[in-house]
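1. How does the following fold in three dimensions:
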Amino acid sequence: MEKQARYWIVVVSKDHIANGVKGGFMQANHGKSSSLKKLHTGDWVIVYSPKQTYSGDKALQAFTAIGQVKDEELYQYKMSEDFIPYRRNVTYYDCKETPIAPLINQLDFIENKKSWGYRFRFGFFELGEKDFELISSHMLNEKLITA
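-> Below you'll find the predicted structure:
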């Protein structure tokens, strides 16, 4: 029996996820492995970018990438002498940047619509298929087959 795909949100600045999309990988929560261990082949990941750049202050508040976990490999990549983050391989799809503001009232995972940003503070979380379908339908030109 094939395992049902799960759906995840990861919070990453737009400049950092651009590197991930280009390289076909994702990192989460400052390179820690705990979140990435929850992912399995075929799971879907939507990237939410609160900011344009990691070190900058310019807000973005948009979904900026969508992809599917490629395999079960969890590995480390040496970016510098003192930073060797964990990564997962992801196949990303062409998509359009999608602001969150018009979707807030329709998203079930945002319980408090006035303090909607709170949910993203944890950097990585699972979302339901209905929310995934809503977000992905705005990001992609054609509907994904998720079943």
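
2. all strands in the chain, in order from the N-terminus.
-> Assigned by DSSP state E, the chain shows strands spanning 7-11, 25-26, 44-51, 59-76, 86-92, 98-99, 124-127.

3. would you turn the ones you listed into TSV with distance to Lys32?
-> In this view, the C-beta of every residue, glycine as well, is placed from N, C-alpha and C. Converted to TSV, these look like this (distance: least, C-beta to C-beta, whole Å):
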stretch	distance to Lys32
strand 7-11	12
strand 25-26	12
strand 44-51	16
strand 59-76	11
strand 86-92	7
strand 98-99	27
strand 124-127	9
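
4. got JSON lines for these, with mean pLDDT too?
-> Formatted as JSON lines, these follow (pLDDT from 0 to 100):
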{"stretch": "strand 7-11", "mean pLDDT": "97"}
{"stretch": "strand 25-26", "mean pLDDT": "95"}
{"stretch": "strand 44-51", "mean pLDDT": "96"}
{"stretch": "strand 59-76", "mean pLDDT": "96"}
{"stretch": "strand 86-92", "mean pLDDT": "96"}
{"stretch": "strand 98-99", "mean pLDDT": "97"}
{"stretch": "strand 124-127", "mean pLDDT": "95"}
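
5. Need these in JSON lines (columns: mean neighbour count and distance to Glu111).
-> Putting these into JSON lines (neighbours: other C-beta atoms under 10 Å; distance: least, C-beta to C-beta, whole Å) gives the following:
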{"stretch": "strand 7-11", "mean neighbour count": "21", "distance to Glu111": "14"}
{"stretch": "strand 25-26", "mean neighbour count": "24", "distance to Glu111": "26"}
{"stretch": "strand 44-51", "mean neighbour count": "22", "distance to Glu111": "16"}
{"stretch": "strand 59-76", "mean neighbour count": "17", "distance to Glu111": "18"}
{"stretch": "strand 86-92", "mean neighbour count": "20", "distance to Glu111": "28"}
{"stretch": "strand 98-99", "mean neighbour count": "16", "distance to Glu111": "20"}
{"stretch": "strand 124-127", "mean neighbour count": "18", "distance to Glu111": "12"}
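
6. nearest to Asp108, of those strands?
-> Evaluated over the strands of the chain, closeness to Asp108 peaks at strand 124-127, with 8.1 Å, by C-beta to C-beta.

7. Pull the closest one out as CSV, backbone CA atoms only.
-> Extracted in CSV, the C-alpha atoms of strand 124-127 (Å, rounded to 0.1, in the frame of the first residue of the first chain):
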residue,chain,number,x,y,z
PHE,A,124,8.2,24.4,9.8
PHE,A,125,4.7,22.7,10.2
GLU,A,126,2.3,20.3,8.5
LEU,A,127,-0.8,21.6,6.8
